[in-house]
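A.B. asks: need a 3D model of the following:
(2 chains)
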Amino acid sequence: MRIAVASGKGGTGKTTVAVNLVVSAVKAGLHATYVDCDVEEPNGHIFLGPDEGLSRPVTIEVPKIDESLCTACGKCKEICEFNAIAVLGGMVMVFPELCHGCGGCFLVCPENAMERTQRPVGEVQTANARVKAIEAVGEVGGGEIPFVQGLLNIGEAMPVPVIREVKKSIPGGGDIVVVDSPPGNSCPMVEAVRGSDRVILVTEPTPFGLSDLDVALRTIEEMGIPVDVVLNRYDPGDTAVDRILAEKGVSVIARIPESREVAGIGSRGGLAALESPEFAEAIDGILERMLHPRGEDGR
Amino acid sequence: MKELVVISGKGGTGKTSITASLVRLSGRAVAADCDVDAANLHLVTRHEVRRTIPFEGGLKASIDTAACTACGKCVELCRFDAISNHDNIFRVDKFACEGCGVCAYFCPEGAIAMDRETGGEWYVSDTDTGPMVHARLAPGGENSGKLVTIVRNEAKKIARDGGFGTMIVDGAPGIGCPVISSVTGADAVLVVVEPTLSGMHDMKRVLELTGHFGVTTMVAVNRFDINEETASAISDYAASRGVETAGMVRYDPEVTRAQKNGMSVVEYSGDSPAANDLRRLWKNLARRLELEER
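C.D. replies: Predicted structure coming up:
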């Protein structure tokens, strides 16, 4: 089962929930994989400490004009939807950073004047994480967690091609794959979430959190993927938030209380599921709801 | 006119809360919310929308199954795995489609249409301190920086025409297109960092980005008292990269209370510890930007 952890608003606790959900699964004897699709700012590695693993570049196929063959007919510019090709005074210019790699220009060039070049935009790393504290608890695979992470090269604008490659590198098998998604509600989040069986949206009980949650819910509902909400940094005295969420008809599967202790654990890269019993209980509850979604197995 | 852009790398560090307070403290500035797919600045800024302008979205392919002969050419050509074939019914996944139009161009039956999506809207509003330009990207929409650029350019135009000396931009998290579109050409960038290992890691990537674009950069550590050791390490690292720490703001529950009341903390609770820290931060920023004394 592939579960994407997304949010809308940044900083609500996606990575915190994602890495600890993986830990919870391993503690329960399951084979769990962690995938970091926040390729602009991946943080999962800080908590799971993967080994070096293997790294491969992600490239976009970008045209290079062979001026000796080019007749400046302009067919390449016409098909390009991204303004990556311009024709000026009989010269054809390519803007590689605008190219999406759709391949259209190569197909329409009547002179075969376009050379295919590979432009690196990022990398995908596949590794294994071994959380020492789990080894003592879980027996399955000795607590080994397959780990995949994408990294967008700094200065590159488009994370989506890197996210696509990260997903292609997810190893098969295993019981549960947790996809840590980027913040926001646009193409990077959509690409990270696409293909998942379920989505967990992590929100915080603030006006910003709830506003961004609205947009995220609409996006994921349009994608047709079942979604549950986790309310993180919850203040039990804040009944207004519960009311707002109830009004939205949102399925809240866990309320994780605001805790300076948990914040402190996270701030130094620790796994709260191993250090805070209260937090572990909440995460175990989320895992349980993922494995047995309400209403889908007669419960 | 001096433009200050507030970014963070990591999400949730407090960009919007801090930006709202800085705009207020400036007394008079053009504000721009460039976090277009998770816009929040308007929630803590009393405003009245004066203009609403639609934003055109990207193209998406769709297949007319009646005209389709299931030749499979579209699947063969699509570089984005956006077309699927189930029992000879070909369907475009609009969430994967990048709108390149190659499938439609080469379909022998002309069975593929390219339709433009609603991209979103952008707004020009009045506030107590000056105009605010903000936007709302359609859910799941393409965030290629186009809408960010529109918001930023409009804000600059308004600032110039209205004789505003200051423009403050609330940026997006990350390092991708929306951020790049927000920072290029800015007079100064403020990176809001949280005192955690994740915050430190993400700040390093952002500083590499701003260095790459050659923009004057400063750092502010928000909620620094959650982990003072890490806050210090962050400031030291920034210094080693020639980046000044313009301020440190402590954790203060008044910030959330202010947000719930639709205000910045300097307006809602002007004597609170966070408000005082923010005043100090603004003073440093104004000095660094060489803003004229009010």
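
A.B. asks: send the alpha carbons of stretch B:157-168 over as PDB?
C.D. replies: In PDB, the C-alpha atoms belonging to stretch B:157-168 read as follows (Å, rounded to 0.1, in the frame of the first residue of the first chain):
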ATOM      1  CA  LYS B 157       4.600  49.000 -10.900                       C
ATOM      2  CA  ILE B 158       2.200  50.200  -8.100                       C
ATOM      3  CA  ALA B 159       5.200  51.000  -5.900                       C
ATOM      4  CA  ARG B 160       6.800  53.100  -8.600                       C
ATOM      5  CA  ASP B 161       3.600  54.900  -9.600                       C
ATOM      6  CA  GLY B 162       2.600  55.500  -6.000                       C
ATOM      7  CA  GLY B 163       6.000  56.700  -4.800                       C
ATOM      8  CA  PHE B 164       6.400  53.900  -2.300                       C
ATOM      9  CA  GLY B 165       9.900  53.500  -1.000                       C
ATOM     10  CA  THR B 166       9.400  50.000   0.200                       C
ATOM     11  CA  MET B 167       8.000  46.700  -1.200                       C
ATOM     12  CA  ILE B 168       7.900  43.600   0.900                       C
END
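
A.B. asks: now it: average pLDDT?
C.D. replies: Averaging pLDDT along stretch B:157-168 yields 97.

A.B. asks: how far away from the center of its chain is it?
C.D. replies: Remark: stretch B:157-168 is offset 19 Å from the chain centroid, using Cα atoms, centre = their mean, to the nearest Å.

A.B. asks: list the buried residues for it?
C.D. replies: B:158-159, B:164-168 (16 or more other Cβ atoms under 10 Å in any protein chain shown). In this view, the C-beta of every residue, glycine as well, is placed from N, C-alpha and C.

A.B. asks: closest to chain A out of these?
C.D. replies: residue B:168 (17.7 Å; Cβ to the nearest Cβ).

A.B. asks: wait, that closest one touches residue B:25, no?
C.D. replies: No. Using Cβ atoms under 8 Å, residue B:168 is not in contact with residue B:25, being 9.8 Å away.

A.B. asks: mind listing what the residue with the largest distance to the centre of chain B touches?
C.D. replies: Taking Cα atoms, centre = their mean, the residue of chain B most remote from its mean C-alpha position is residue B:69, at 44.2 Å. Residues in contact with residue B:69, defined by Cβ atoms under 8 Å, 6 or more residues apart in numbering or on different chains, are B:108-109, B:111.

A.B. asks: so residue 39: helix, strand or coil?
C.D. replies: Using chain A. Here residue A:39 is coil, with the state taken from DSSP: H, G, I helix; E, B strand; the rest coil.

A.B. asks: not quite, go with chain B.
C.D. replies: coil.

A.B. asks: so for it, what's the pLDDT?
C.D. replies: Reading off the model, residue B:39 has pLDDT 95.

A.B. asks: can I get the buried residues of stretch B:157-168 in a markdown table including secondary structure and distance to chain A?
C.D. replies: Shown next, in a markdown table, are the buried residues of stretch B:157-168 (DSSP: H, G, I helix; E, B strand; the rest coil; distance: Cβ to the nearest Cβ, whole Å):
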| residue | secondary structure | distance to chain A |
| --- | --- | --- |
| B:158 | helix | 25 |
| B:159 | helix | 25 |
| B:164 | coil | 26 |
| B:165 | coil | 29 |
| B:166 | strand | 24 |
| B:167 | strand | 22 |
| B:168 | strand | 18 |
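
A.B. asks: pretty sure residue B:125 belongs to a strand, no?
C.D. replies: Yes. According to three-state DSSP, residue B:125 belongs to a strand.

A.B. asks: beta partners for it?
C.D. replies: residue B:49, residue B:132 (DSSP bridges).

A.B. asks: that one and residue B:46, how far apart?
C.D. replies: Separation of residue B:125 from residue B:46 (Cβ to Cβ, to the nearest Å): 10 Å.

A.B. asks: ok, those two, which is more surrounded?
C.D. replies: residue B:125 (19 against 14; other Cβ atoms under 10 Å in any protein chain shown).

A.B. asks: name the SS class of the residue farthest from the centre of chain B, please.
C.D. replies: For residue B:69, the assignment made with three-state DSSP gives coil.

A.B. asks: for residue A:226, grab the count of nearby residues.
C.D. replies: Neighbour number of residue A:226 under other Cβ under 10 Å is 14.
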